[in-house]
Every structure is written in structure tokens, then in C-alpha cells.
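**Student:** everything below, folded, please.
(2 chains)
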Amino acid sequence: MKWFTRTAGMAAIAAAMTAGGAVAQDNTIRFGLLQDFTAVYTFVTGEYNQGQRDYLTLVNQEGGIDGHTFNAIVRDTGNQPQRGIEAYNRAREEGAILFDFLSTPVSRALVDQVLQDEVVLITPLHGRGDASDGTTFPYVFPMMATYWSQATILAQYLKDNGGLDGKKIAVVHIDSPFGREPIPVLEALAEDEGFELRAFPYASPGNEQSATWSEVRRYRPDAVFIWGAGGGQSVSVREGIRNGIPAENIYSVVWLAETDAANVGADVMTGVHRYEAVATGTDLPILQRIQEQVIDAGLGAGDAAAVGSTYYNIGVATMAVAVEAARLALEHEGAPLDGAKLKAGFERIENFDAEGLMPPITITAEDHQGGGFGRVSQWNGTAWEPVSDWFAAYQDVVREEIEQGAAEYAGGN
Amino acid sequence: MAYFLELLVNGALTGLMYSLAALGFVLIYKASGVPNLAQGAMVMAAAYVVWFFTSLGLSVWLAIPLGVATMFLFGLMTERVLLRRMVGQPVIMVVMLTLGMEIVLRGLVPGFLGAAPKPLDIGIGLAPVIIGDVFINREYLVGGVLALALIGGSMLFFRTRTGTKMRAVSDDHVASWAVGLSVERVIGLSWGIAGIAAVGAGTLWGAVQGVDWTLSGLLFPAVAVVILGGVDSITGVLVGGLLVGILGSVIPGYLDSYAGGSTRDVVTSLIILVTIVFRPYGIFGREDIERI
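**Tutor:** Numbers count the residues shown, from 1 in each chain, chains lettered A, B, ... in the order given. Okay, the predicted model is just below:
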């Protein structure tokens, strides 16, 4: 309920601020966080958006950047492209120069528009993977590892811990473009590294997967990648364990968090691995400052218990990168900021790790993914524990996918 | 053979759990002739209500009866506040009303109680029941047995005095009025009982997958169950559920590898389509003959 009232409150404040035409002329940098609070991405949006707003509040509390403060325009799109387009147009009128929809359908629907309007669209952990090609998508920034890179990191981890040659890997995935996304990359790796790969799709949203896992059990895989989101992920883990797959042989895409552990049973899920984009917990400098200056000061955007959770910290990291881009843009391009200057700021980011919150990323005009870094963590019964350093893997294979997709996009436009 | 049996048994049990979601649909249709498109959202709301009581620190075994009472009242109030105003309106408007209810419930309930998936532990372990090389999902086994009991209870209920009144109302509203039956009260009761069925389905499915908005998606298999079994038949709910569950498990179990994608929803859609084309009243549905 808190996020609902606070979201509504933020929307009202944003509307009130703009009602008098007070846009863009002041020293406020506006970000449009127009996300899906009520439909498909509900498993992540609340905590993610809360982390984003709390980080912007922290920056403002610390005096902003070079006299500039940040304002989040928060609205619900319900994962519907039509509503996303409407929210985008309103936020544009209010002066937003950066957008985050946290919704693949909405982000995809607006790619052409942001390229035309020359404003920044960030697509961390969603949207088009091929938008990592900055030459084709100059204003779109995935800025974190794409699903292709997540798959290669998990494969590299397996290679480093027992090898891949002769092994059998099952990919149990939601039957959607997102679920199928890692398969081409893994097929290429299977050929190069000599392992066997088999995909097991299940129907969306994944609340019933028993037939799929009966088949997986008979396949006798050495490792299982689960590629879904929301409630379907906890069903996958439960079905995997029920069918005798050791928890430590289950490897998840980024969408597996503390809430899923609670659903599966914290003890039951012990041993499960996942790709990790951002460190979790509160034992990090940025998180401690948020706790002191935002949460303890009563300025938090939601439930304080969410601070430090997986999705909260991912939200914080996205805004840390965006604010760093704004800082670089102000330093090199000068005020007032617009989309083009902010884009240039993003492309100046080098080895930025948000004080240890995330892997060091470098964004260039060609590479908007930031290097495709991440790490593997394991659920220890109470928390996610890193079991590798930050690294990137098989980026040559990933780059092929990126360039192929980008070429198809360019060919169609 | 073991693989086939595993798909068959787990599919049958899953189908029984779908039947529970479909039961409320049939009860309301039997009494009022209205297809309740909000039944999936009622299942979701019921799961949220049970979870909410557990979040207050109550045992799940106390939360469930409280959820039953809450959803029974919700059903009664829905009829009293919304449906009764629609008397005399075209059926399509009543259907649109239930669609509106579905949208409102799906937005408001997660909005107020939290959209992230929530755990609902009813104490069923993960370990499967193993017979030879056949693994039977323990949650589905318990869910299937409970569903069977509730559906059986509903059949018996229709043999009671109140149940007989409900059958009379479902047969003919005007004649029921003429002999002094309170049609409104009977329809309200059907909504209340549908609320109770929603608690059963919501609790069982919530325990399997966690409680979130996706529970409202149970409307789709529930509709397939009632179309196949017959929209006004409780026996049809039972048989339709078993068939939808078994076909939705066995066929994808063999086809998915070749199809390269999940065929379960395709199977469910085909069940709906083929039934409507070849037997529009379903297996056990009553074929109303109208004089032209």
C-alpha cells in the first residue's frame, strides 16, 4: 500500500510542479520513470523504483550535481505501449530528458521515438539487447549485461567449476521472446565448448510447470538454467527440487530475488545460483548514505525493509549511472542539459562502479552495454552470497548477436 | 509408460485444481445465468485475503476460515450492491460489469496489498509422492483431493432445501418468484458460495506459485473447463477439469520438444474452440430448447 500511495503522491507532486509551466528552465534535471506498477513487472517495479527515487533523493540531499537537482516523474504504464507513449509525451512536455520504462514492450515501442527526439532511454535488464550497439541505437543504453551476456557469464562459471565439455545443460524457460533470448548464444557456446543443450519451454506465466519438469528430470541434466520472471521463477525452483535436481545445479537469470526465496522456502532454496548484476545488502557506501540521509530522515520512497534487496539495489545502480552521466555531461558539455548532452555524458562513463555497488562499467559510443559484466551468487539460506568476482565472458559471441540484431533493425528502418 | 502415467496423474490433479477455480463460475451461472468474468480476479483476491491474515501473524488455518467469511461477504455484497442494480438490463451489460470488476480487483488488490509475489505456506512439503518411476506432485495431490471434496460438497449442497431452491431459481426466475422464492437472495447466496470456492482455489494455487496478480489468469483454464463440461453443470466442472488438466499435461509433454514452444495454451484454446463448434452446451450442459 505504501508504494501505491507514495507513487500517487509523487505523480501529484510532479503534476503540481509542472502545472505552472515550471519546466526545464530551472536547475532541475528530470527523469521519466514511467514503469509498470500494475501488470507484468509488478514483481520488480516496486522495489526497483523505490531504489531509484531514494538514490535521487540522496543526491539532492547531498546538494545535487553542480547546483542541479534531480526530479523523478513517476507514472504507471501497466506494461501497455499505448499508455507508455502517452506517459512519455507528457513527461517530455514536463522536461524529462531520460526515460526508464522497465518494460520490454513499452521500451521497444518507443525506441524509434527517442531516437527521433534525441532523449536518453535506459533499458537495464530489459528491452532490446541489440541496442547495445550504440552506432545503431545512439540514444538507447542497456548499460547492464544483456540476457545474452548473463547466459555467457553463467556458462563461463560452469566452465571454471567443473568444465563444460560433455555436460548436459537444460534451459527451462518461459515461452516468450525473453525466455527464448539466451538460446542462440548458448547454442553457439555448446558447439564451441562441446556441451549438449536442450530447451524446455513452459507456458506463460509459469504457474504450472509439472509436465515440463517431468521431461527435464528424464533428461538428467548436469545444470539447469531457469529463464523466467516473477512467480514462475519460484515455481521453477520448486519443481526442479521436487524432481530431484540438486539446488546447486540450478542457475537463474537475474530475476530471482529474496521474495522468490520466501515463496520457495528460504531453506529449500539453499544452494541455487543466479546471475547477479548488482551487489545486494546494505553493507555498501551508497546504501549506508541512503539509510542515514534518506531513510532515517523520513524521506524514503517506500518500505524501509526493502532497502538493500536485490531489486532495490538494481534501481539504485541505474540512477547512480544516470547521475554520473549527468555529472560528466555538465562537466564537459555544460548546462543546461538536454538529451544529446546527457547521451554524451553516458558515453564518457569509464570504470564506474558506484562505490562497489556494481561491476566497473565503461560505456562508449559503440558499446552501450557497458562491457557485459556481472557475477554469480548463491542463496545461502538467508542471503545471496557472491561466489565469483565481477567478470564478462564470451563477449565476441554476444557481440555477434548484438550486431546481427542491430543490422536487422537498421535494415528495417 | 512411467512418463505417460506421471503426465496423466499430475495433469488430472492439476485439472481438479482448475475445477475449483471454475466451480464459482458455474454456481453463479446456474443461479443467475451470468457468466462471471471476474472469477479469476476473485480467486486472486481470495488468495490475497488469506495471505493478508497470515501477514498479521495468524496461523494459515485461522486465516483460511477468515478468508472464507470475508469472501462470502464479498460475494453477497457484490450481488447486493452491483448485480441487483442490473436487474432488467441486457445480459451483455451484466457481463461487462463482471469484466469491469475483474479489472478493478486486479488493479486495486495488488495495489493496496503489494504487487510482489507473496508466500503462502500451507505446510505441504516439496517432496513428491514416488510410485515406481512416477513422481506425483504432493501439492497437486492435496489440492486435487480438496478440490474433489469441495466439488462433491457442492453436489450434495444442491440436494439440500437451500440447494433445491437454487436449482429452482436456475430453472426459472419468474416461476420461482411466483411461488414465493427470494430470487435475489438465492443469487446472492450463489455469489457468496463462489467466493468460498475462490478461497479454496486461491489458497491452493497461492501455495503452489505464491500470491500475486497472475492468479487472476486462472480464468482462462477455468473458462475452458466450464465450456467443455457444461457451463451449468457441477458434474461437468469435475469431468471438464480432469480432461482439461490431462490434455494440457499429456499433449505438451510429448509435443513441446518437437514444437519448440509450449503448446499447453494452444491445447486449452483448441478445447474451447472444438467444444463450441461441435457441442456448444458442453458435455453435461443443459441444452435449452427455445420455440421459434
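**Student:** use CA for all of it now, contacts and neighbours both
**Tutor:** Fine.
**Student:** tell me the SS of residue 112?
**Tutor:** Using chain A. Under the three-state scheme (DSSP: H, G, I helix; E, B strand; the rest coil), A:D112 adopts helix.
**Student:** does the residue most central in space within chain A sit in a helix, a strand or a coil?
**Tutor:** Centroid check for chain A by CA atoms, centre = their mean gives A:L125 as the closest residue, at 2.9 Å. Classification of A:L125 using three-state DSSP returns coil.
**Student:** how about A:D283?
**Tutor:** A:D283 ends up coil, using three-state DSSP.
**Student:** show me what contacts it?
**Tutor:** Going by CA atoms under 8 Å, 6 or more residues apart in numbering or on different chains, A:D283 touches no other residue.
**Student:** can you pull the residues of the stretch 151-300 of chain A lying near chain B?
**Tutor:** Counting by CA under 8 Å from any CA of the partner chain, the stretch 151-300 of chain A comes close to chain B at A:175, A:199-203, A:205, A:207, A:210-212, A:214-215, A:230-232, A:234-235, A:238, A:241-243, A:259-260, A:262-264.
**Student:** just the ones of these in strands?
**Tutor:** If you go by DSSP state E, those have A:199-202 in strands.
**Student:** any chance of JSON lines for the residues you listed, columns pLDDT?
**Tutor:** As requested, these are arranged in JSON lines below (pLDDT from 0 to 100):
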{"residue": "A:A199", "pLDDT": "95"}
{"residue": "A:F200", "pLDDT": "95"}
{"residue": "A:P201", "pLDDT": "94"}
{"residue": "A:Y202", "pLDDT": "93"}
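**Student:** turn those residues into CSV, including neighbour count.
**Tutor:** Listed next are those as CSV, based on neighbours: other CA atoms under 10 Å in any protein chain shown:
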residue, neighbour count
A:A199, 19
A:F200, 21
A:P201, 27
A:Y202, 30
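**Student:** what's the closest of those residues to B:P221?
**Tutor:** When those are ranked by distance to B:P221 (CA to CA), A:Y202 comes first, at 15.2 Å.
**Student:** tell me which element A:Q50 falls in.
**Tutor:** Secondary structure assignment for A:Q50, by DSSP states H and E: helix A:42-61.
**Student:** buried residues, that helix. List them.
**Tutor:** Neighbour counts over helix A:42-61 (16 or more other CA atoms under 10 Å in any protein chain shown) mark A:42-60 as buried.
**Student:** ok, which of those also contact chain B?
**Tutor:** Near chain B, judged by CA under 8 Å from any CA, the entries from these are A:42-44, A:46.
**Student:** pick the one among those residues closest to chain B.
**Tutor:** Using CA to the nearest CA, A:F43 comes nearest to chain B of these, at 4.2 Å.
**Student:** can you tell me which residues contact that closest one?
**Tutor:** Contacts for A:F43 (CA under 8 Å, 6+ apart) come out as A:229-231, B:115-117.
**Student:** which one of those sits closest to A:N313?
**Tutor:** Within these, distances to A:N313 taken as CA to CA reach their minimum at B:A116, with 15.8 Å.
**Student:** that closest one belongs to a strand?
**Tutor:** No - using three-state DSSP, the secondary structure at B:A116 is coil, not a strand.
**Student:** how much space between the residue nearest to it when sequence neighbours are not counted and B:L27?
**Tutor:** In space, and not counting its chain neighbours, B:A116 is closest to A:F43: 4.2 Å by CA to CA, 6 or more residues apart in numbering or on different chains. Going from A:F43 to B:L27 by CA to CA, to the nearest Å gives 33 Å.
**Student:** how about B:G67?
**Tutor:** From B:G67 across to B:L27, the span is 19 Å (CA to CA).
**Student:** ok, B:P119 next?
**Tutor:** From B:P119 across to B:L27, the span is 29 Å (CA to CA).
**Student:** could you pull out the helices for chain B?
**Tutor:** Here chain B has its helices, by DSSP state H, at B:2-32, B:39-55, B:60-77, B:91-113, B:138-157, B:161-171, B:173-178, B:183-209, B:219-229, B:234-259, B:264-278.
**Student:** how about those helices, which one is nearest chain A?
**Tutor:** Smallest distance to chain A across the helices of chain B (CA to the nearest CA): 4.1 Å, for helix B:91-113.
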